[in-house]
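Participant: Attaching a predicted model along with its sequence, questions to come.
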Amino acid sequence: MLLTITLILSFLVVVNFLLLIFSCNKTTKRTEIKEIKPTRIITTTANQQTSNQLAPTGS
């Protein structure tokens, strides 16, 4: 009885690993060249002013 349970569980574990290996989504890496768009630069003084203001929490 113990041997039967061990064999069944071993078989299920092997099947689980086989399914895990063969059912994984294979992703391919695409090498695309994207154009670099200019980004807007925020000055440090404007950034410091906005970070010092706290939003009202209502409590």
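Facilitator: Nice, I can see it. Keep in mind the model is a prediction, meaning the values are calculated, not measured.
Participant: what ranges do the helices span in this protein?
Facilitator: Remark: helices assigned in the chain by DSSP state H are 2-22, 44-52.
Participant: Can you report how many residues neighbour F17?
Facilitator: Using other CB atoms under 10 Å, F17 has 10 neighbouring residues. C-betas here are computed from N, CA, C, even on glycine.
Participant: I should have written S23 there, sorry.
Facilitator: Other residues within reach of S23, judged by other CB under 10 Å, total 7.
Participant: That one: what's it in contact with?
Facilitator: For S23, the contact set (CB atoms under 8 Å, 6 or more residues apart in numbering) is empty.
Participant: rewinding a little: make TSV from the helices of the chain and add distance to G58 to it.
Facilitator: TSV is the format used below for those (distance: least, CB to CB, whole Å):
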stretch	distance to G58
helix 2-22	48
helix 44-52	20
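Participant: Serialize those helices to a markdown table and add fields for mean pLDDT.
Facilitator: Formatted as a markdown table, the helices of the chain follow (pLDDT from 0 to 100):
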| stretch | mean pLDDT |
| --- | --- |
| helix 2-22 | 95 |
| helix 44-52 | 54 |
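Participant: How about the contacts made by L18?
Facilitator: Residues near L18 by CB under 8 Å, 6+ apart: none.
Participant: ugh, wrong one, I meant T4
Facilitator: T4 makes no contacts at all, as judged by CB under 8 Å, 6+ apart.
Participant: The chain should start at 5 in everything you say after this.
Facilitator: Got it, the first residue is 5 from now on, which makes the last one we talked about T8.
Participant: any idea how far it is from F15?
Facilitator: Per CB to CB, to the nearest Å, T8 is found 11 Å from F15.
Participant: do the same with R44
Facilitator: Counting by CB to CB, the gap from R44 to F15 is 60 Å.
Participant: the more surrounded of the two?
Facilitator: Set R44 next to F15 and count neighbours by other CB under 10 Å: F15 wins out with 10 against 4.
Participant: Since that was my last question, I'll sign off now.
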